[in-house]
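Novice: the following comprises the amino acid sequence and a computationally predicted model.
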Amino acid sequence: MDVEKRIQELREELQQHNYNYYVLDKPQISDYEFDMKLKELQELEEKHPEFEDPNSPTQRVGGAITKNFETVVHDHRMYSLSNSYSKEELEEWETRLRKVVDGKLQYVCELKYDGASISLTYKNGILDRAVTRGDGFQGDDVTNNVRTIRSVPLKLKGSFPEKFDIRGEIVLPYEGFAKMNAERVDIGEEPYANPRNTASGSLKLQDSAEVARRPLECLLYSIVGENTGIESQFEGLEKAREWGFKVPQESELKNSIEEVLDYINYWDNHRHDLPYETDGVVVKVNSFYQQEELGHTAKSPRWAMAYKFKAEQESTKLEKITYQVGRTGAITPVANLQPVQLAGTIVKRASLHNADQIEKLDVREGDTVFVEKGGEIIPKIVGVDFTRRDPDSEPTKYATHCPECDTELVRNEGEAQHYCPNTNGCPPQIIGRIQHYISRKAMDIEGLGGETVALLVNAGLIENYADLYTLKKEDILPLERMAEKSADNLISGIEKSKEIPFERVLFALGIRYVGETVAKKLAKHFKNIDALAAASEEELVNVDEIGARIAWSVADFFNAESNREIVQRLKDYGVQLEISAEKLANQTDVLGGNSFVISGVFEKVSRNDLKKMIEDNGGKVSSSISSKTNYLVAGANMGPSKLAKAEKLGTNIISEDDFLKMLN
Ligand code: AMP
Ligand code: ZN
């Protein structure tokens, strides 16, 4: 079969499935089938770089790095919205509209999505660029990052204007936000505060591959441009939907302010049923002709009005402040409340984050506090009702000792959180650390779950993860709910974990700030645990992408005699504490940090292997040529534009054979 035709076919199919999944929320094939098709396309594209296309569905995984976001002037200014908070204000607005507009007024009601605004430019149906709102006149070009958001079409469907801008909001739905936070907490990082800031922060990440991993969505609400043929806001929404954009179905056309108010009331009560955050309703005059008649003030259109919901807030009594100890020893203060109904659920506890927060709010036990439910899953305390404070109350004294083990707490300079330093003697830390060690992404020990870990610790059978390897069947059989078979499974699961590769063991150790990615980098650089343990903070910081905080944490971990002892025991039991000989044999540093771009088809090795060889030998691979590229490895059928760019920049252009010679 004709390869080009197959590539085209796969791209179109995948584009459609992407659309079904991310825009319509109605997948028609299984994830597995999707992955297989994507893989086939990736392989074909790899073998045939002459058919490269930046809009191919394979490009959604990102990879482009943006060091500096270029400032771009918007073709059409991005205005703010006027705000209103009451029925009366909306009615006054209507009176002002009537003074300018004759005839029938219709309104479009839309939800006000709470995220980061974005302006997308399409030329001939292809995404040309994506720019943040900035100050409304000019914003930052974040195209590389926005391309990875699956609900942003790279190519449009149907017939569309030659050139137009479309505006929308990039949001992080609750579910994805919660998942991201769970992963952060897992590595001892502080969770992100709310979806909105996380969404806008994501747009400014340098590595688009990181953006691709975040479950962002783009919701569109307005088309701007000359000669679009569109005559009203509602028509624009429908057209945008036809072209493949995600336009929420909640938007509705209304004939009067009364109808608008019904819509607002409905969503004020139902906003928590939505998958993402909304902080109000935007009401827009539907007809573009009327919009033009009304025009703009200095800051906002006269034809639109945002109605802001009141934050859902309740007041209740704070009965007691207690402290929780996490796996890494981090202490979180918790407000225990008199139960109160808030946004459809009963709230009994709220997070107080840290000592600074308590001080800032001046919250005290016995106070009447205001509790609010924002984007966070856990409600927060936003203030104190000082009128109802007991005159005898005293400022909160933050815990000085661990609630679990009574060790004096420490707080490192520059950090918000207090820690219990009794790493090896504090029960929730002991249990939490072993639970992390056995978890799926770490040692993935089959037959052992979190609850069993707690049982084992409480029964005095283990105190740390090294002790797991000394467990005997007869020790665990007497435990609650432990049968012959489950005991066997547990023991064999632990035995099998000795095959888990070094990088995952390193992650499993539970060193603060050492997540999966950092563990991989450290394993690759140091190759074995002894070299890592011997590294000074300075040496650690010199490793690519390892910051001061991680360096400090790693050095601190190995400074502790107890940790070194446990690591030594793991080694004695046969856990993998170095990169396997096979992997090591293929790794050198001969490419000395040089940066490579690969292009074209190769005879002796596949593109993937070539990439791996570069990385294993101390080189870096990037996808596009820049002044920082040291070598272009050129294969057959290389794209002419890459070649021209390399020649212009004076990049060394080498063949496959030249490259292989460099390695020997
Ligand atoms: P403000 O920042 O309060 O002036 O509100 C204006 C912002 O609301 C715009 O820049 C958009 O980012 C955002 N917004 C969210 N949803 C909508 C919507 N449906 N229509 C217009 N703007 C919206
Ligand atoms: Zn403790």
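Specialist: All right, it came through fine. Ligands and ions are numbered 1, 2, ... in the order given.
Novice: where exactly do the strands run in the stretch 251-400 of the chain?
Specialist: Secondary structure of the stretch 251-400 of the chain (DSSP state E, counting those that start in this stretch): strands located at 252-254, 278-285, 304-308, 313-325, 331-342, 345-351, 368-372, 380-384.
Novice: mean pLDDT lowest where, among those?
Specialist: Lowest mean pLDDT within these: strand 345-351, at a mean of 86.
Novice: surely residue 70 meets residue 140?
Specialist: Yes: using Cβ atoms under 8 Å, residue 70 is in contact with residue 140, at 7.1 Å. All C-beta atoms are positioned from the backbone trio N, CA, C, and that covers glycine.
Novice: more neighbours: which of the two?
Specialist: Counted by other Cβ atoms under 10 Å, residue 70 and residue 140 do not tie: residue 140 has more neighbours, with 19 against 11.
Novice: ok, the more buried one touching residue 69?
Specialist: Yes: using Cβ under 8 Å as the test, residue 140 is close enough to residue 69 to be in contact (3.9 Å).
Novice: mind listing the shared neighbours of these two?
Specialist: residue 204 (Cβ atoms under 8 Å, 6 or more residues apart in numbering).
Novice: which elements pack onto the one helix or strand residue 608 maps to?
Specialist: Using DSSP states H and E, the element containing residue 608 is helix 607-616. Secondary-structure packing of helix 607-616 (3 or more Cβ pairs under 8 Å, 6 or more residues apart in numbering; DSSP states H and E): strand 595-599, strand 620-621, helix 656-663.
Novice: out of the ones you listed, which comes closest to ligand 2?
Specialist: strand 620-621 (42.4 Å; Cβ to the ion).
Novice: dump the next helix or strand after the closest one to CSV, keeping only the CA atoms.
Specialist: The C-terminal neighbour of strand 620-621 among helices and strands, as given by DSSP H and E, is strand 631-634. Taking Å, rounded to 0.1, in the frame of the first residue of the first chain, the C-alpha atoms of strand 631-634 are listed here in CSV:
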residue,chain,number,x,y,z
TYR,A,631,25.4,18.3,15.1
LEU,A,632,22.8,17.4,12.6
VAL,A,633,22.8,13.7,11.9
ALA,A,634,21.5,13.6,8.3
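Novice: so how far is strand 631-634 from its chain's centroid?
Specialist: When distances are taken as Cα atoms, centre = their mean, to the nearest Å, strand 631-634 is centred 33 Å away from the chain's centroid.
Novice: what lines up beside that strand in the sheet?
Specialist: According to DSSP bridges, strand 631-634 forms sheet pairs with strand 595-599 (parallel), strand 652-654 (parallel).
Novice: deepest of those, which one?
Specialist: Compared across the strands paired with strand 631-634, strand 595-599 shows the largest average neighbour count, a mean of 22 (mean count of other Cβ atoms under 10 Å).
Novice: now the helices and strands packed on helix 607-616 in TSV, with mean pLDDT and distance to ligand 1?
Specialist: Shown next, in TSV, are the helices and strands packed on helix 607-616 (pLDDT from 0 to 100; distance: least, Cβ to the nearest ligand atom, whole Å):
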stretch	mean pLDDT	distance to ligand 1
strand 595-599	89	37
strand 620-621	84	37
helix 656-663	90	48
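Novice: rebuild the ones you listed as TSV, extending it with distance to ligand 2.
Specialist: Output for the helices and strands packed on helix 607-616, formatted as TSV (distance: least, Cβ to the ion, whole Å):
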stretch	distance to ligand 2
strand 595-599	46
strand 620-621	42
helix 656-663	51
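Novice: low pLDDT regions in the protein?
Specialist: By pLDDT under 70, the low-scoring segments of the chain are 1, 343-344, 374-377.
Novice: SS state for the residue nearest the centre of the chain?
Specialist: Central residue of the chain (Cα atoms, centre = their mean): residue 214, 3.5 Å from the mean position. For residue 214, the assignment made with DSSP: H, G, I helix; E, B strand; the rest coil gives coil.
Novice: try residue 441
Specialist: Residue 441 - assigned by three-state DSSP - is coil.
Novice: and what of residue 193?
Specialist: The three-state assignment at residue 193 reads coil, by three-state DSSP.
Novice: now the strands paired with strand 631-634 in JSON lines, with distance to residue 24?
Specialist: Listed next are the strands paired with strand 631-634 as JSON lines, based on distance: least, Cβ to Cβ, whole Å:
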{"stretch": "strand 595-599", "distance to residue 24": "36"}
{"stretch": "strand 652-654", "distance to residue 24": "45"}
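Novice: which bits of the stretch 1-150 of the chain sit near ligand 1?
Specialist: The interface of the stretch 1-150 of the chain toward ligand 1, taken as Cβ under 6 Å from any ligand atom, is made up of 80, 81, 110, 112, 113, 117, 133.
Novice: OK, contacts around the fourth one?
Specialist: Contact partners of residue 112, counting by Cβ under 8 Å, 6+ apart, are 278, 279, 280, 281, 282, 306, 307, 308.
Novice: redo that, cut-off 10 Å
Specialist: Neighbouring residues of residue 112 by Cβ atoms under 10 Å, 6 or more residues apart in numbering: 81, 83, 169, 221, 267, 277-283, 306-309.
Novice: please identify which of the residues you listed is nearest to residue 484.
Specialist: residue 277 (50.9 Å; Cβ to Cβ).
Novice: pretty sure that closest one contacts residue 175?
Specialist: No: with contact defined as Cβ atoms under 10 Å, residue 277 does not count as touching residue 175 (11.8 Å).
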